[in-house]
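> got a sequence here, can you model it:
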Amino acid sequence: FSAAQAASLATVAAVGAFANFGGSLLGQGGSAVIQSLGRSDAALSFALALTRIGVLVALVASAFADRYGRRRVLLFGLAGICVANAVAAFAPNFTVFTVAQVLVRGFVDGTLVVAGIVAIEEAPEGARAFALSMLALALGFGFAISVVLLPLADIGTDGWRLMFLLSALALVALPGLARHLPESRRYARLSERPARRRLRDEA
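Residues are numbered from 1 along each chain as shown. Below is the predicted model of the structure:
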């Protein structure tokens, strides 16, 4: 890995960790949420099932990443996770909370798919499996954070809101991540091809 490749992989891994942390909160703190908002286990099961439609967003995100670039989709996806979890943290009822979590799941799925693409594209030949392994470790770290913070849900009836608020606060790290996250070199090369063809045609 060159210094630039290592920095890119580290930044993508950080984005993945933040994203997976935000996406794992419903599964970890769901019981506390329904107790606070006066809903049943059946309502939680329905919410968990409903969030699975977010996987469709991953298809859209992949298409957008091919059209507008990997960097833009990654940063937009992480921002979406933070904003949606902020809505969840202040949700007045379970319906608003569920809608917010459907959005979170969609943004998480899209972000992680594109993060995997960038990890592969930016890795040198012979180290792509290693790059994916590093990304997987980062995702596991993000999930572990949600487990460590689970005791916050026991602080009063609304302690679970603190967990979602902490995910929203990752928005503060977005400018720093943006500074250290260049567009993938493969996408940059591909995006230049049409312009080169036009120049040749004009010549």
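> just for this structure, where's the confidence low?
Counting by pLDDT under 70, the ranges of the chain that qualify are 187-203.
> need the longest helix for it.
Ranked by residue count under DSSP state H, the longest helix found in the chain is helix 3-37.
> which residue ranges of the protein form helices?
Under DSSP H, the chain gives helices at 3-37, 41-50, 55-68, 70-89, 94-122, 128-148, 160-168, 174-179, 185-202.
> just so I know, which of those lies nearest residue 154?
With CB to CB as the criterion, residue 154 lies closest to helix 3-37 of the helices of the chain, at 7.5 Å. (Each C-beta comes from the backbone N, C-alpha and C, glycine too.)
> how far does the closest one sit from the chain's center?
7 Å (CA atoms, centre = their mean, to the nearest Å).
> tell me which residue is most central in this protein.
residue 19 (3.1 Å; CA atoms, centre = their mean).
> what sits closest to it if chain neighbours are left out?
Once flanking residues are discounted, residue 19 sits nearest to residue 111: 4.5 Å by CB to CB, 6 or more residues apart in numbering.
> ok, and for stretch 156-175, which residues are buried?
159-161, 163-164, 166-168, 170-171, 174 (16 or more other CB atoms under 10 Å).
> looking at these, spot the one nearest residue 106.
residue 167 (15.1 Å).
> for that closest one, what are its contacts?
For residue 167, the contact set (CB atoms under 8 Å, 6 or more residues apart in numbering) comprises 18, 21-22, 25, 81-82, 85.
> let's see 7 Å
21-22, 25, 81-82, 85 (CB atoms under 7 Å, 6 or more residues apart in numbering).
> gap between it and residue 9?
23 Å (CB to CB, to the nearest Å).
> go on, residue 81?
Taken as CB to CB, the span from residue 81 to residue 9 is 20 Å.
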